[in-house]
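K.L.:
predicted model and sequence below, questions to follow.
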Amino acid sequence: MRLNPHLQFDGQCESAFKFYEQCLGGRIVVMMTYGESPVGVQMQAEWRKRILHVTLAVDNYLLQGTDVPPESYRKPQGFSVMLNIEDATEAERIFDSLSHNGTVQMPLQETFWAKRFGMLVDQFGTPWTINCGRPR
C-alpha cells in the first residue's frame with residue numbers, strides 16, 4: 001500500500017503543480033486536462049483546459065491533484081501536507097519557496113524536537129508543515 005496526498009483545486013491545479021515542481025525540485029510525470037480525456041468533447045469549453053489529473057514525483061513520493069467543479073470545491077482544512085526534510089538548509093529553501101505569496105502560520109524555527117519546524121498555507125490554499133528532525 002502507498003499513501004499519496006491528492007489535492008483538489010478550483011481551476012488553479014496546473015499553476016499550483018508547476019509551482020510545487022519548482023519549490024520541491026520534483027518532476028510532473030502526468031498532467032491531463034479534461035479536454036484530453038475521452039469525455040473532453042462533452043465538457044464546456046472553459047473546463048477543457050482544467051486539470052483532470054496531475055502527478056508530481058519527488059524522489060520516490062507522489063503528490064497528485066485535480067480541478068473540481070466550484071460546487072464541489074472545499075477550502076483545505078483539518079490537514080497539512082507534511083514534508084520531513086533531513087537538511088536544515090533545504091528545509092529553509094523549501095519553506096521560503098512555498099510561503100511566497102502565502103501565509104506563514106508558524107515561522108520556520110528550531111524547536112525542542114526539530115532543527116527546523118514551520119507551518120504555512122501557500123498561495124493556492126494548501127496547508128504545509130515542514131519538519132527537519134533531529135538525529136536520534
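P.N.:
Everything's here; your move.

K.L.:
show me the contacts for the spatially most central residue of the chain.
P.N.:
When Cα atoms, centre = their mean is applied to the chain, the residue found nearest the centroid is residue 20 (5.7 Å). By Cβ atoms under 8 Å, 6 or more residues apart in numbering, the contact list for residue 20 reads 26, 56, 63. Just so you know, the C-beta spots here come from the backbone N, C-alpha and C atoms, and that holds for glycine as well.

K.L.:
what do you get if the cut-off is 7 Å, keeping everything else the same?
P.N.:
By Cβ atoms under 7 Å, 6 or more residues apart in numbering, the residues touching residue 20 are 56, 63.

K.L.:
also residue 94?
P.N.:
Under the criterion of Cβ under 7 Å, 6+ apart, the contact partners of residue 94 comprise 23-24, 83, 85, 130.

K.L.:
next one: phi and psi at it?
P.N.:
The phi/psi pair for residue 94 (degrees, to the nearest 10) reads phi -70, psi -40.

K.L.:
next: the one 10 residues further on.
P.N.:
Backbone torsions of residue 104, given as degrees, to the nearest 10, read phi -80, psi 120.

K.L.:
who's in contact with it?
P.N.:
residue 120.

K.L.:
ok, it to residue 66 distance?
P.N.:
Separation of residue 104 from residue 66 (Cβ to Cβ, to the nearest Å) stands at 27 Å.

K.L.:
and for residue 79?
P.N.:
In this structure, residue 79 and residue 66 are 16 Å apart, going by Cβ to Cβ.

K.L.:
these two: which is more packed in?
P.N.:
Counted by other Cβ atoms under 10 Å, residue 79 and residue 66 do not tie: residue 66 has more neighbours, with 16 against 10.
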